[in-house]
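Trainee: Okay, here's the prediction I keep looking at, along with the sequence it came from:
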Amino acid sequence: MAEAAVLDVGNCDPDHSTLNRMLTQHFDVRVDRVMFVDEAIRKLESNQYALVLFNRLIFADGSPGIALLEQAKTNGTSTKTPMMMISNFDESQQQCTAAGGVPGFGKNAIFDQSTQDLLSKYLPAKS
């Protein structure tokens, strides 16, 4: 399988670095990063992503990450692209899946095997 593109939305520099390291260590991916919902929508309109990972709270402006999912699903920008929230809070994860997102993981679990197993449903393994 060819390299997959992942869009990382709203994570601070240290979290993005950790996430990027985990993703590129275990999967054949390229990670694009944006810091705002409107930037993410533009990226989704002009690129094909295997997975969108978004923070519960967008770091740059504190807006709710779920707004990205709701906007993308409402305007048809990304009806087929899996969108996954990164949050340690079960209630936020439930809100995400209820809005059409796929089950996600928390920052506390970035390097857990269960997270790698979850992501392997959407991303090609590193060869």
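Mentor: Ah, there it is.
Trainee: which residues are in contact with the helix of greatest length in the chain?
Mentor: In the chain, assigned by DSSP state H, the helix with the most residues is helix 13-26. Contacts to helix 13-26, defined as CB atoms under 8 Å, 6 or more residues apart in numbering, come from residues 6, 8, 11, 29, 31, 33, 53, 55, 59, 86, 107, 110-111, 115-116, 119, 123, 125-126. For every residue, glycine as well, the C-beta is placed using N, CA and C.
Trainee: Name the residues of it that come out as buried.
Mentor: Buried residues in helix 13-26, counted by 16 or more other CB atoms under 10 Å: 15-16, 19-20, 22-23, 26.
Trainee: now stretch 44-56
Mentor: Buried-residue list, stretch 44-56, by 16+ other CB under 10 Å: 44, 49-56.
Trainee: Summarise which helices and strands the worst-scoring helix or strand of the chain on mean pLDDT is packed against.
Mentor: Between all helices and strands in the chain, the lowest mean by mean pLDDT, DSSP states H and E belongs to helix 66-75, at a mean of 88. On a contact count with 3 or more CB pairs under 8 Å, 6 or more residues apart in numbering; DSSP states H and E, helix 66-75 meets helix 37-46, strand 51-55, strand 83-86, helix 90-98.
Trainee: Would you tell me which of those gets closest to Asn75?
Mentor: helix 37-46 (7.7 Å; CB to CB).
Trainee: Using PDB, write down the CA coordinates of the longest helix of the chain.
Mentor: Output of helix 13-26 as PDB, limited to C-alpha atoms (Å, rounded to 0.1, in the frame of the first residue of the first chain):
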ATOM      1  CA  ASP A  13       3.800  21.600  19.200                       C
ATOM      2  CA  PRO A  14       4.800  18.900  21.800                       C
ATOM      3  CA  ASP A  15       1.600  16.800  21.200                       C
ATOM      4  CA  HIS A  16       2.000  17.100  17.400                       C
ATOM      5  CA  SER A  17       5.600  16.000  17.700                       C
ATOM      6  CA  THR A  18       4.700  13.000  19.800                       C
ATOM      7  CA  LEU A  19       1.800  12.100  17.500                       C
ATOM      8  CA  ASN A  20       3.900  12.500  14.400                       C
ATOM      9  CA  ARG A  21       6.700  10.400  15.800                       C
ATOM     10  CA  MET A  22       4.300   7.500  16.700                       C
ATOM     11  CA  LEU A  23       2.600   7.700  13.400                       C
ATOM     12  CA  THR A  24       5.700   7.700  11.300                       C
ATOM     13  CA  GLN A  25       7.300   5.000  13.400                       C
ATOM     14  CA  HIS A  26       4.500   2.500  13.000                       C
END
